[in-house]
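Enquirer: Quick one: sequence and predicted model below, then my questions.
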Amino acid sequence: MGQKKCIVIIDGLCIMCNSFLSWVLHNDKDDKYLFANIQSNFYKKNTDINKSIDSIMLIKGNNIFYESEAIKHILKDLGKFYLLRLVLDLTPIFLSNFFIKLLQIIDIKFLVKKINASCQKRINSVNF
């Protein structure tokens, strides 16, 4: 019988999260992971997940890891970025999670600028 797969959950609207997901897909040679996003029915129906977290999550067996802990476990499972894993091990969780939240804020501001630019292009192209 095959090994039970881990489930990675990300914010589907987050550019950084989607980039990380693409990286995991590329590096998951053993097909260890299934994927969902926080906009999915799986996420909405799963009562064990802390819904106040809107970043990356990892369901591994009976454990749920959030943010930097999830990233650390994924990197370890894939055997990648030993130095980053060491930094995450030595950094207090609240501090590494704060850094992730900061990156998300930058990501959101970038997305808003991109959407505004796209809307402005459409407005400018409308002829009356």
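Expert: Thanks, I have the structure now. Residues are numbered from 1 along each chain as shown.
Enquirer: Give me the secondary structure label for Met16.
Expert: Secondary structure, DSSP: H, G, I helix; E, B strand; the rest coil: Met16 is helix.
Enquirer: what about it, neighbour count?
Expert: Counted with other CB atoms under 10 Å, residues neighbouring Met16 total 19. Where you see a C-beta, it was placed from the backbone N, CA and C, and this is true even at glycine.
Enquirer: My guess is it contacts Lys101. True?
Expert: No. Look at Met16 against Lys101 with CB atoms under 8 Å: they stay out of range, at 11.1 Å.
Enquirer: Number of residues surrounding Met57?
Expert: Counted with other CB under 10 Å, Met57 comes out at 23.
Enquirer: Give me the pLDDT value at it.
Expert: Met57 carries a pLDDT value of 90.
Enquirer: got the contact list for it?
Expert: 8-10, 49, 64-67, 70 (CB atoms under 8 Å, 6 or more residues apart in numbering).
Enquirer: where along this protein do the helices fall?
Expert: 15-27, 41-45, 67-78, 82-90, 93-125 (DSSP state H).
Enquirer: What's the separation between the closest residue to Lys76 other than its chain neighbours and Lys45?
Expert: In space, and not counting its chain neighbours, Lys76 is closest to Arg85: 5.9 Å by CB to CB, 6 or more residues apart in numbering. Arg85 is 32 Å from Lys45, where distance means CB to CB, to the nearest Å.
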